[in-house]
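**Q** Predicted model and sequence follow; I will ask about them next.
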Amino acid sequence: MNSIAYVTVDVFTSERFSGNQLAVIPDARGLTDAQMQNIAAEFRYSEVTFVLPPQHPANTAHVRIFTPTMEIPFAGHPNVGTAFVLGRQPDVFGRPTGDVLRFEEKAGIVEAALIREADGQVTGAGIFAPQRLSLGPQIDRETIAHCASIEVAAISLAAHAPVIASVGLPFAVAELADLETLGKACPNTAAFAEAGRRYSPEDDQFALFLYVRQAENPWHLRARMFAPLDNVIEDPATGSASGALGALLTSLLPESNTVVEITIEQGVEMGRRSVIGVTARKSGGKIKSIRIAGECATVMSGTILL
């Protein structure tokens, strides 16, 4: 019986059994689209990545990302975790990897820089979002409240109204008034389905990223992400949403030129604390780059029977 190797890592953490789980298929040659989707559904992680030879020799690999139900164009923790896995392998498709990896993805080229300890050991990676900040429609507070099972009054409008934001993958982003409300949030699948029909009519995959800013340090945030329509009831770390939020908040600053360092904690309520570092660079009044970075820990390796 044929088989294929896999590695699992916990992303945005230095400790096993915390952070966000990711399965990586380091050599996915020969797999069909249906097999990839079945493998992703079997793992039931928020994403699984499949690594293929690059279509252009200047790039490191062609990376496909699958959730339990569909292929997506980009995501944060799968890219960080995949770079970590490939960075620890001396050879990828017969070519050595350097400290900067370039992944071909549906959303565009994703550049990943490895993070190393003094002894050269790879401990994580930082990636640059493949797309500039784009904003979709604003979302009424009632819709957000119904989706998260919270009171409308707990949704803050101090910085921005709830809005669809993306740097490669769209999320509804909303600020809450306090950590107590964030902790009580619970996804209402029926409300998500209605929100998907209204705000994501092309695929109905409406995903919600809620956050709270700390009064003593407004650039240290706590967040939660729900995507029940994609069989992800809650995600312990969402790099793509964190990047979109970092870009949004930086775009709202009055400064035309600035660099903002943001720390986002996620997964606390799930018992899988994650720490996501976001660096937003703004020049001439526009967001020029978004870097999403974190550490990783290897957990398992094995084979999948096909």
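**A** Thanks, I have it. Residues are numbered from 1 along each chain as shown.

**Q** any idea which element Asn59 lies in?
**A** Taking DSSP states H and E as the definition, one finds Asn59 inside no helix or strand.

**Q** what's the answer for Ala125, then?
**A** When elements are assigned from DSSP H and E, Ala125 belongs to strand 122-128.

**Q** next one: Ala190
**A** helix 189-199.

**Q** quick check: mean pLDDT across that helix?
**A** Confidence for helix 189-199, expressed as mean pLDDT, is 94.

**Q** Convert the C-alpha atoms of that helix to CSV, please.
**A** Coordinates of the C-alpha atoms in helix 189-199 are reproduced here as CSV (Å, rounded to 0.1, in the frame of the first residue of the first chain):
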residue,chain,number,x,y,z
THR,A,189,-23.5,28.7,13.4
ALA,A,190,-26.9,29.8,12.1
ALA,A,191,-25.9,33.5,12.5
PHE,A,192,-22.6,32.8,10.7
ALA,A,193,-24.5,31.2,7.8
GLU,A,194,-26.7,34.3,7.5
ALA,A,195,-23.7,36.6,7.7
GLY,A,196,-22.0,34.5,5.0
ARG,A,197,-24.9,35.0,2.7
ARG,A,198,-24.9,38.7,3.3
TYR,A,199,-21.2,39.5,3.4
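
**Q** sorry, back to before: what angle do helix 189-199 and the very next helix or strand once past the strand holding Ala125 make with each other?
**A** Toward the C-terminus, strand 122-128 is succeeded by strand 134-138 as the next helix or strand (DSSP H and E). Orientation note: strand 134-138 sits at an angle of 110 degrees relative to helix 189-199 (axes from the mean of the first three to the mean of the last three CA atoms, to 10 degrees).

**Q** what does strand 134-138 contact?
**A** Strand 134-138 is contacted by residues 161-167, 170, 199, 248 when judged by CB atoms under 8 Å, 6 or more residues apart in numbering. Quick note: C-beta positions are derived from backbone N, CA and C, even for glycine.

**Q** For ChimeraX, what selects the buried ones among these?
**A** Burial among these is assessed by 16 or more other CB atoms under 10 Å; the matching ChimeraX selection reads:
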select :162,163,164,165,166,167,170,199,248
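
**Q** Show me how far the helix or strand following the helix holding Ala190 is from its chain's centre.
**A** Read in the C-terminal direction, the helix or strand following helix 189-199 is strand 208-214, with elements assigned using DSSP H and E. In this view, strand 208-214 has its centroid 15 Å away from the chain centroid, taken as CA atoms, centre = their mean, to the nearest Å.
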